[in-house]
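Enquirer: No letters, just coordinates:
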């Protein structure tokens, strides 16, 4: 029988071969060229909002293409404004090329968390291939749909590494820009404070205020205040539309899951008529249930950190474990999340892949990870299942299973059994 190490060696040689590298480059070139001819994606919404902003319009009340709202910041609409001067096919090429570099940078930053011995034993290229294979749906969707969630993940990881490298002002500023564009990375504000990174924490606060106020210089103070008010109204998580969060069949989060399970008439636009709710709760009970879940996740954060406040952690494997939870929790807890937002599961996926490779009796873990993989990628493998997968929120259930695996493979067990 071929040993486990020999199998890994064969796979590593296969995925690191020059032929495969050129094949991947060819796929990327073909992808960029194909994307340039796309009819429409979310980038069109961003560009239309950017044009409206400088034409004096209200980018948060306007419905683009008759149905879609703009959910990002005024500063982001400003930063992408030069793209509105270019032909749309060229914009798609530029956005796709930079998107591919962003994905590669994410992978590069994540591999920094893996100790040298583990990286050598697991095989660098095999880890990269496994991470891309597991996250393929999210990577592909962000690139294909012209989305920015991969940019937000990259900026968050980049900012954390800058902070840990001693560049706290620069790192805090990058994190503030990521939060300004999309609120998901705000979960790292209390994390920085808890870990005693007070300089970085203060920088994020100051820079965040500055980034929200900065557009006043080119659109005027009153107009900027008006847009900030509309922006908050659009994203306010206390609104019923965000609490019940079932406007679209493609939404995935804990707020959506609770609504589909406990609201009797929770029916999305063009959704299936198959019964899925367990019991019917009134709106107040649903609010309480969601708030209880949020409290549980806050307490879970303390479980993942496992130390007194203001204690800095220097061990990269421990850092990976902590931020894996925070990234995953951000996508689960925030309402109005589409499937591509779950690219934030990449750190958790890497953690579990390395754990599986290093933990000698992990067959049950392999089986569970396969289930998670299918819950994430079935719609990519067979699109005909997508309506059913969305209806029963399979992606959300898979993310919760991923969370349970993170809890089981806690940092002490991983360090003792995998890194020694």
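Expert: Happy to help now that I have it. Bear in mind that the values here come from a model prediction, so they are computed numbers and not experimental data.

Enquirer: use CA for all of it now, contacts and neighbours both
Expert: OK.

Enquirer: Tell me which residues are up against stretch 205-212.
Expert: Residues outside stretch 205-212 that contact it (Cα atoms under 8 Å, 6 or more residues apart in numbering): 73, 74, 75, 172, 173, 176, 177, 179, 180, 228.

Enquirer: chain center to it, what's the gap?
Expert: Offset of stretch 205-212 from its chain centre (Cα atoms, centre = their mean, to the nearest Å): 22 Å.

Enquirer: which parts of it are buried?
Expert: 207, 208, 211, 212 (16 or more other Cα atoms under 10 Å).

Enquirer: okay, the last one: pLDDT?
Expert: Note for residue 212: predicted pLDDT of 96.

Enquirer: Next: the second one.
Expert: For residue 208, the pLDDT comes out at 97.

Enquirer: got a list of contacts for stretch 167-182?
Expert: Contact partners of stretch 167-182, identified using Cα under 8 Å, 6+ apart, comprise 72-73, 75-76, 152, 155-156, 158-163, 185-186, 199-205, 207-208, 211-212.

Enquirer: Among those, which ones are in strands?
Expert: When those are checked against strands (DSSP state E), there are no matches.

Enquirer: so how far is the helix or strand containing residue 138 from its chain's centroid?
Expert: Per DSSP states H and E: residue 138 is located in helix 124-144. For helix 124-144, the separation from the chain centroid amounts to 13 Å (computed by Cα atoms, centre = their mean).

Enquirer: Ok, stretch 177-192 next?
Expert: Counting by Cα atoms, centre = their mean, stretch 177-192 comes out at 12 Å from the chain centroid.

Enquirer: Could you list the buried residues of it?
Expert: 177-186, 188-189, 191-192.

Enquirer: Equivalent analysis for stretch 328-341, please.
Expert: For stretch 328-341, burial by neighbour count (16+ other Cα under 10 Å) applies to 328-337, 339-341.

Enquirer: out of those, who's nearest residue 405?
Expert: Of all these, residue 405 sits closest to residue 328, with 12.1 Å by Cα to Cα.

Enquirer: That closest one contacts residue 349, correct?
Expert: No: contact criterion Cα atoms under 8 Å: residue 328 and residue 349 do not qualify, at 10.1 Å.

Enquirer: give me the low-pLDDT residue ranges for the stretch 251-400 of the chain?
Expert: 265-271, 359-362 (pLDDT under 70).

Enquirer: Would you map the helices across it?
Expert: 254-262, 283-305, 316-333, 346-358, 363-381, 386-391, 394-408 (DSSP state H, counting those that start in this stretch).

Enquirer: Would you mind listing the residues in contact with residue 114?
Expert: Taking Cα under 8 Å, 6+ apart, we find residue 114 in contact with 316, 317, 354.

Enquirer: In ChimeraX, how would I select just the buried ones from those?
Expert: A single ChimeraX command is used to select the members of the contacts of residue 114 judged buried by 16+ other Cα under 10 Å:
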select :317,354
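
Enquirer: distance of the spatially most central residue of the chain from residue 337?
Expert: Geometric centre of the chain, nearest residue: residue 344, 2.8 Å, by Cα atoms, centre = their mean. Separation of residue 344 from residue 337 (Cα to Cα, to the nearest Å): 12 Å.
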